[in-house]
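**Q** got a structure for you, letters missing:
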């Protein structure tokens, strides 16, 4: 929630505004209620531009791209404290007692109390935003310290320490002293990343950001900063301190192994959500290959490693020396020595007889598969063509190291899990949003594959229902795409404070995150690459794949035998099944989207697949903005089915119907020559008052009263509002599940439901969904059948039905977006990549 950036350059850059605009747009997934930038020149002039709206709109509207300077402090806002106004937008510039400007990400929860205190201390507070309270609070103590010392950096340091004691909440912030050009970056419970680099045209720089990909877009060299730490930095130097004690901390730069190639939208895709849905087969194939060591590159490089262990050790050392360097000139010099050295010559001779080399499915970054591949790819651009196979071999050995590490970590996870089962301990899987739905699915996987009970819970439910009953030996598994989910971090902190010997394992996509580095005993990677669209798709699919693999590995200990091998063979089918589903369901998905995209409310009912139903419903709610609920199918009859039949859930179709009904009534009245225009107007009002507000007519003359009675004898205005309610059923191919679904379809059809089914082809299902059903509203019964590829399995449909629901949500969103834009409805918030009110990484309470 929200995103903050602080970029400090060596000197003025004519293109700083252009760079700032690009960086702000990269943060758009974190917030788009408002956008702002403060840019300062070397001479000291600060230009603050901010307004309501997304970075895409505001950066152009305010001309941020045209600014020059050497310091940039920017923020994109997802509103929490203070409504969406220009005054509440960030950054904030203050000069009541000293001059500072800054912005934050997260929440300062004692915002209102701070505002009262600051006002009482003589500060001019112009907003309700907690970001302003943060900057003012630091300013207040900064001014006090400046009266005690002439050293502004020391005064700034003590001010941040004092302000941290005054403020309550979880946040990250960037605050600038415009006099010394010193930038402070604070990490106090929300995500913050730092990097250092050198621009070819403008020299060295340092950047801090809430978003790792933003930092990596400029540099791969990171400065590690942990929770409860802050730093002062210039373009080429940073000093780190503990936020509570103030003690100095030593930090060494490290090279990130993450890659950001997938942050660009590629042809033929129009939306990141679309691109990420269709990238899922490759992402799942890659992570399965990593966890199960099934990659062709792993097979080849592993064989060579076993035959030449000495060369592997030398190669690892060479890569280690190169990747440890942070200066581009030194890297080039060291790499040149490597290319001319004996090791490279030996590796070259080794690769000559190998024939064709395993490559990714597409040319480009996919050819390098390891997490060091981005660095190796950069080096390959300077490598003679004849030595490129050497670089691929190095990539293979790096991937082999990663596979070894994943094997060790997953092995340790299985040992902990099996021990918890053996000792009768509890295993909890905690997550929020999409990751919680993955946890619900994973509980099915662990139960059916390994015979292990795993309880999926939301962090809030865990705190209320289970935190006090934790016992030594329990195991907690946290799942998060970003690794920065605030609710999950808070509950793990609670577990740590309990002093119980509870194991904590996290499964995250961002392995440089707080949950990965600071909160877990053990962390397992999702390895799905960056995900730009706010609605999670490929991270969810990789979560399912990784959790399925972990259940398989546990089953090797708890249920060894043929059934586990069959489950393994089925998992290897998943990438191809995803590709087949996306291709074969296209027309049926589009037809269903056409029928559903303007429905004001929908229920998705799954038999034995509640996690999939909930995730599908969340995708529709997120990107279509239609109310949608996901249920275990049998639960719908226990109350939610009251929505069938007469209800007050009306959409644009209902509005069109009632307007048509009034139009017909108006035509009939217009034909009554006996009523004047004035009488007709009076009668229209009387009818509307009675129909919508139950207000009895008064003051009508005899002719008007007679016409009024005739209206309600002949017209039932509300009958035109009622229509069948849309239900989407999801089921696997098991006979029991199919029969339950057929029973539910028939039960709900007769009460006024239109039915869409997502399932493998089944004659009985097809008959149940397609058989016409008269309804009391004389509405035509509508149905659809999205046929999934045949799997002959009870778990593979979790994957195929998921991608079908993702595509359904995408098609619905695009149709609704197109219609609302055509109607010129402003700020409707429908968008596949950045729907209103939601953010990618939730870092507030």
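**A** In hand now; what should we look at? All of these numbers come straight from a predicted model, not from anything done at the bench.

**Q** Buried ones in stretch 377-384, by neighbour count?
**A** For stretch 377-384, the neighbour count (16 or more other CB atoms under 10 Å) marks 377, 379, 380, 383 as buried. Just so you know, the C-beta spots here come from the backbone N, C-alpha and C atoms, and that holds for glycine as well.

**Q** Reformat the residues you listed as a markdown table; add distance to residue 650.
**A** Shown next, in a markdown table, are these (distance: CB to CB, whole Å):
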| residue | distance to residue 650 |
| --- | --- |
| 377 | 55 |
| 379 | 62 |
| 380 | 60 |
| 383 | 65 |
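
**Q** Next up, the contacts around residue 649.
**A** Shown in contact with residue 649 (CB atoms under 8 Å, 6 or more residues apart in numbering): 600, 601, 627, 643, 725.

**Q** Out of the residues you listed, which is nearest to residue 225?
**A** residue 627 (41.1 Å; CB to CB).

**Q** and the closest one, bridged to which residues?
**A** residue 601 (DSSP bridges).

**Q** so it makes contact with residue 603?
**A** No - Residue 627 is not in contact with residue 603 according to CB atoms under 8 Å; the separation is 9.5 Å.

**Q** Could you give the number of residues near residue 80?
**A** Residue 80: 20 surrounding residues under other CB atoms under 10 Å.

**Q** if we can go back for a sec, in helices only, show me the buried residues of stretch 377-384.
**A** Counted as lying in helices by DSSP state H, out of the buried residues of stretch 377-384, are 377, 379, 380.

**Q** Residue 391 is in contact with the last one, correct?
**A** Read it as residue 380. Yes - shown here, residue 380 and residue 391 form a contact pair, counting by CB under 8 Å, at 4.7 Å.

**Q** still on that earlier bit, neighbour count winner among residue 627 and residue 603?
**A** residue 603 (24 against 15).

**Q** The more buried one looks like it's in a strand, true?
**A** Yes - counting by DSSP: H, G, I helix; E, B strand; the rest coil, residue 603 is part of a strand.

**Q** From residue 679, how far out is it?
**A** Distance, residue 603 to residue 679, using CB to CB, to the nearest Å: 46 Å.

**Q** swap in residue 170?
**A** From residue 170 across to residue 679, the span is 65 Å (CB to CB).

**Q** any idea where the strands of the stretch 1-150 of the chain begin and end?
**A** All strands of the stretch 1-150 of the chain, identified by DSSP state E, counting those that start in this stretch, fall at 3-13, 34-40, 46-52, 69-77, 92-94, 100-108.

**Q** Need the pLDDT of residue 713.
**A** Looking at residue 713, its pLDDT reads 65.

**Q** List the residues that contact residue 460.
**A** residue 487.

**Q** Are we agreed that it is in a helix?
**A** Yes - applying three-state DSSP, one finds residue 460 inside a helix.

**Q** Just the pLDDT for it.
**A** pLDDT, the model's per-residue confidence, is 96 for residue 460.

**Q** still on that earlier bit, now the common contact residues for residue 380 and residue 391.
**A** Common neighbours of residue 380 and residue 391, counting by CB under 8 Å, 6+ apart, are residue 368.

**Q** where does the protein have low pLDDT?
**A** For the chain, the stretches with pLDDT under 70 are 1, 258-263, 355-366, 652-675, 691-692, 711-721, 775-778, 839-845.

**Q** mind giving me the domain split of it?
**A** By the assignment in automatic domain parsing, the chain contains the domains 3-256, 292-403, 409-568, 580-647+722-822, 667-720.

**Q** can you confirm residue 453 is in a helix?
**A** No - Residue 453: not assigned to a helix; according to three-state DSSP it is coil.

**Q** Just the buried positions in stretch 328-336, please.
**A** Using 16+ other CB under 10 Å as the test for burial, stretch 328-336 gives 331, 335.

**Q** For the longest helix along the chain, buried residues please.
**A** Longest among the helix segments of the chain by residue count, using DSSP H, is helix 388-422. Within helix 388-422, the residues that count as buried by 16+ other CB under 10 Å are 389-403, 406, 409-410, 413-414, 416-418, 420-421.

**Q** just stretch 150-161 next, same as before
**A** Buried, per 16+ other CB under 10 Å, within stretch 150-161: 152, 155, 156, 157, 158, 159, 160, 161.

**Q** Tell me the gap between it and the middle of its chain.
**A** Computed by CA atoms, centre = their mean, to the nearest Å, the separation of stretch 150-161 from the middle of its chain amounts to 37 Å.

**Q** repeat for stretch 193-212
**A** 24 Å.

**Q** before we move on, the earlier item: which members of the buried residues of stretch 150-161 are positioned in helices?
**A** 152, 155, 156, 157, 158, 159, 160, 161.

**Q** closest to residue 272 among those residues?
**A** Taking CB to CB as the measure, residue 272 lies nearest residue 160 of these, at 36.7 Å.

**Q** Now do the same contact list for that closest one.
**A** Taking CB under 8 Å, 6+ apart as the contact definition, residue 160 lies against 138, 175, 184, 186, 230, 243.

**Q** Which ones among those map onto helices?
**A** Counting by DSSP H, the part of the contacts of residue 160 found in helices is residue 138.

**Q** So which of the contacts of residue 160 is surrounded by the most neighbours?
**A** Top of the contacts of residue 160 by neighbour count (other CB under 10 Å): residue 175, with 30 neighbours.
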